[in-house]
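J.: Provided below for reference: sequence and predicted model.
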Amino acid sequence: MERLAINIMKPFVLFTCFLVVSCATITVNVYFPAEEVRDAYSSLEEEFLDQNEDSSTDKAPETKTVNPTPEPQSRNNYPDEPTVSQTKVVVIKREISLDFSNYAWAQGNISQQIAQKIRAMPQVISAYKSRAKRQDVIDQMLAQNKVAEGSQGLLVQKGSLTPAETQAFNAENTDRKTIIQGMARAIVEINNLDPTPENINKVLPEAARQFASVRRSGG
């Protein structure tokens, strides 16, 4: 009888163990290299926005200061703890890898990797080019204090706008959202995670804050 009871219980125990393993909850650490993100934003702003200013005949040519080559990544000090973390449920239905230690910064310059990923996103490049075409209008609105740079990377309205200015204001914020979304996706990808909406939304607020920091500092 005792052996019979053990035989009866064995499938139940195995099934319980399978459920525990197949729905294991693990913590996925998402590192957000803020300094490199700002460098990537600044590089892309110079590449796509200042290009439009250089071709303008209404403005005096502006001397641009070329930023020095970034220091090797090994000289950057990264925190012992991740700045962003998330919980992910992994359902084991096939062979998968749970190795999240192969971060992109082990392979070279992070800001260049980020910029390269974004250059491969047509919708983000289109947003930059659209912003370049209206840059003079946006700069004028900022100078007249009709709009201001918000804390989440978008323009905020401070005064009354003409219909044309309203159209430019709305289009600018739409393009900025596309750019920030692309940056969040790039951060997820350099952490070797799937760029799912859940993962992207996890880093989206910080990507927006870093974009706002670059815009407020003048790019």
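T.: Thanks, I have the structure now. In this text, all values refer to a predicted model and were calculated from it rather than measured experimentally.

J.: following the longest helix seen in the chain, which helix or strand shows up next?
T.: Secondary structure assigned by DSSP state H gives helix 163-190 as the longest helix of the chain. Sequence-wise, the next helix or strand downstream of helix 163-190 (DSSP states H and E) is helix 197-216.

J.: give the rounded mean pLDDT of that next one.
T.: Across helix 197-216, pLDDT averages out at 95.

J.: all strands of the chain, in order?
T.: Secondary structure of the chain by DSSP state E: the strands cover 23-30, 84-91, 147-149, 155-157.

J.: need the pLDDT of residue 50.
T.: Looking at residue 50, its pLDDT stands at 75.

J.: still on that earlier bit, and the longest helix of the chain, what does it pack onto?
T.: Here helix 163-190 touches helix 34-48, helix 110-119, helix 122-133, helix 135-143, strand 155-157, helix 197-216, going by 3 or more Cβ pairs under 8 Å, 6 or more residues apart in numbering; DSSP states H and E. The way it works is simple: take the backbone N, C-alpha and C, and place the C-beta from them, glycine included.

J.: pLDDT weak spots in the chain?
T.: Applying pLDDT under 70 to the chain flags the ranges 1-28, 51-108, 219.

J.: pretty sure residue 180 contacts residue 207?
T.: Yes: using Cβ atoms under 8 Å, residue 180 makes contact with residue 207 at a distance of 5.2 Å.

J.: what's the overlap in contacts for those two?
T.: Counting by Cβ atoms under 8 Å, 6 or more residues apart in numbering, residue 180 and residue 207 have no shared contacts at all.

J.: what comes up buried for stretch 32-39?
T.: 32-33, 36-39 (16 or more other Cβ atoms under 10 Å).

J.: any idea how many residues pack against residue 194?
T.: Per other Cβ atoms under 10 Å, the neighbour tally for residue 194 reads 10.

J.: just residue 114 next, same as before
T.: Neighbours of residue 114 (other Cβ under 10 Å): 25.

J.: that one and residue 146, how far apart?
T.: 32 Å (Cβ to Cβ, to the nearest Å).

J.: can you check residue 157 too?
T.: From residue 157 across to residue 146, the span is 7 Å (Cβ to Cβ).

J.: and the two? Which one has more around it.
T.: Comparing residue 157 with residue 146 by neighbour count (other Cβ under 10 Å), the higher total belongs to residue 146, at 18 against 15.

J.: thinking that one is in contact with residue 162, fair?
T.: No: with contacts defined as Cβ under 8 Å, residue 146 does not count as touching residue 162, sitting 9.3 Å away.

J.: what does stretch 212-219 contact?
T.: Stretch 212-219 is contacted from outside by 38, 41-42, 45-46, 49-50, 149-153, using Cβ under 8 Å, 6+ apart.

J.: can I get the buried part of these as one ChimeraX selection?
T.: Command for ChimeraX, covering only those of the contacts of stretch 212-219 found buried under the criterion 16+ other Cβ under 10 Å:
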select :38,41,42,45,49,149,150,152,153
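
J.: can I get the contacts of stretch 212-219 in TSV with distance to residue 133?
T.: Shown next, in TSV, are the contacts of stretch 212-219 (distance: Cβ to Cβ, whole Å):
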residue	distance to residue 133
38	24
41	19
42	20
45	15
46	16
49	10
50	13
149	19
150	22
151	26
152	23
153	19
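
J.: nearest to residue 189, of the contacts of stretch 212-219?
T.: Residue 189 lies nearest to residue 41 out of the contacts of stretch 212-219, by Cβ to Cβ, at 16.4 Å.
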